[in-house]
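Engineer: any chance you can model this:
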Amino acid sequence: MKDLILHVKKEYFEQIKSGEKTEEYRAANHYWQKRIIGQQYDSVVICCGYPKAGDDDRRISFPWTGWSSRVITHPHFGDLPVTVFAINLMKAQEALF
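Structural biologist: Below you'll find the predicted structure:
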């Protein structure tokens, strides 16, 4: 089983957990290109920070349903628009609609 594990800040974790945030962004740089483009995963695991082993309250798992390329402006990436990988965080049946 191959998982894509993404660590996020608590505020983003809570937004994902509530369903408010349905995509997680990663800069389209060389580091993330190697991990995303052409890769297949069983699931995407979102971690609130770096939880200890067995701390399942700080982990959410989603089926891997892919990614898309987006240009966004977000304080995390600075003031200028940047190209990111938008990783889908919806359940498989939600992604179909």
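Engineer: would you mark the buried spots in stretch 52-68?
Structural biologist: By neighbour count on 16 or more other Cβ atoms under 10 Å, the buried set for stretch 52-68 is 58, 60, 62, 64, 65, 67. (Glycine included, C-beta is placed from N, CA and C.)
Engineer: who's in contact with the third one?
Structural biologist: The reference is to residue 62. Contact analysis of residue 62 by Cβ atoms under 8 Å, 6 or more residues apart in numbering lists 43, 44, 45, 46, 88, 89, 90, 91.
Engineer: 10 Å instead, please
Structural biologist: Contacts for residue 62 (Cβ atoms under 10 Å, 6 or more residues apart in numbering) come out as 4, 16, 22, 24, 41, 43-46, 87-92, 94-95.
Engineer: same for the helix or strand hosting residue 34, what does it pack against?
Structural biologist: Taking DSSP states H and E as the definition, residue 34 sits inside helix 30-36. Helices and strands touching helix 30-36, by 3 or more Cβ pairs under 10 Å, 6 or more residues apart in numbering; DSSP states H and E, are strand 3-8, strand 23-27, strand 67-72, strand 82-88.
Engineer: let's go with 6 Å and repeat that
Structural biologist: Here helix 30-36 touches no other helix or strand, going by 3 or more Cβ pairs under 6 Å, 6 or more residues apart in numbering; DSSP states H and E.
Engineer: may I see the buried residues of that helix?
Structural biologist: Quick answer for helix 30-36 (16+ other Cβ under 10 Å): 32, 36.
Engineer: just checking, what packs against whichever helix or strand comes after it?
Structural biologist: Downstream of helix 30-36, the first helix or strand assigned by DSSP H and E is strand 43-48. When contacts are defined as 3+ Cβ pairs under 6 Å, 6+ apart, strand 43-48 sits against strand 3-8, helix 10-18, strand 59-63.
Engineer: buried residues, strand 43-48. List them.
Structural biologist: Neighbour-count burial for strand 43-48 flags 44, 46, 48 (criterion: 16+ other Cβ under 10 Å).
Engineer: that one to strand 59-63, inter-axis angle?
Structural biologist: Interaxial angle, strand 43-48 versus strand 59-63 (axes from the mean of the first three to the mean of the last three Cα atoms, to 10 degrees): 160 degrees.
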